[in-house]
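*Asks:* Dropping the sequence and predicted coords here.
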Amino acid sequence: DHRGFIMIATIVDDSAVAFEHLATWVELLADLRTEVPIDESDLSTFAWITVDYDQKRGVMRLVQTSLIEICASRFGITLPSSPPVNPLDSDTKIDPDDCPET
């Protein structure tokens with residue numbers, strides 16, 4: 001399709017958007033604004049996950065601390081004073097070649 005794709009992930013009142021062509025997104029955004037208020041701020045949190053995206057370097061860091069604390073509190077779980085070791089090194093880059101074939 002000449003208009004490209006738009007992906008919108010929504011959880012309750014948080015939405016993250018990815019699009020192929022800016023013009024297509026601008027057109028959809030104008031239509032949406034006639035129905036609902038839209039906040040176009042940079043993505044910094046999504047579903048209680050902190051998002052740190054360095055577009056120039058192509059690096060996205062997701063931090064789940066807030067989500068883990070919310071879930072632990074809700075279910076009465078006491079968290080350890082120091083977090084467990086992460087299974088991936090902090091400088092690990094995930095590549096499509098690392099993913100299983102489906």
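*Replies:* All right, it came through fine.
*Asks:* Now the phi/psi pair for the residue most central in space within the chain, please.
*Replies:* Nearest to the mean C-alpha position of the chain, by CA atoms, centre = their mean, lies F46 at 5.2 Å. Main-chain dihedrals, F46, degrees, to the nearest 10: phi -150, psi 120.
*Asks:* I'd like to know how far it sits from Q64.
*Replies:* Separation of F46 from Q64 (CB to CB, to the nearest Å): 11 Å. To be clear about C-beta, it is placed using only N, CA and C from the backbone, and glycine gets the same treatment.
*Asks:* Likewise for A30?
*Replies:* A30 is 34 Å from Q64, by CB to CB.
*Asks:* Of the two, which one has the most company?
*Replies:* It is Q64, of A30 and Q64, that has more neighbours when counted by other CB atoms under 10 Å, with 13 against 10.
*Asks:* what's the distance between that one and V36?
*Replies:* Using CB to CB, Q64 is found at 28 Å from V36.
*Asks:* in what helix or strand does A9 lie?
*Replies:* Under the criterion of DSSP states H and E, A9 resides in strand 6-11.
*Asks:* Which element is encountered next along the chain beyond that strand?
*Replies:* strand 14-19.
*Asks:* ok, that next one: who's next to it in the sheet?
*Replies:* Paired strands of strand 14-19, with direction, are strand 6-11 (antiparallel) (DSSP bridges).
*Asks:* check contacts around E40.
*Replies:* Counting by CB atoms under 8 Å, 6 or more residues apart in numbering, E40 makes contact with L29.
*Asks:* Specify the angle between the longest helix anywhere in the chain and strand 14-19 in degrees.
*Replies:* If you go by DSSP state H, the chain has its longest helix at helix 22-33. Angle of helix 22-33 versus strand 14-19, following axes from the mean of the first three to the mean of the last three CA atoms, to 10 degrees, is 150 degrees.
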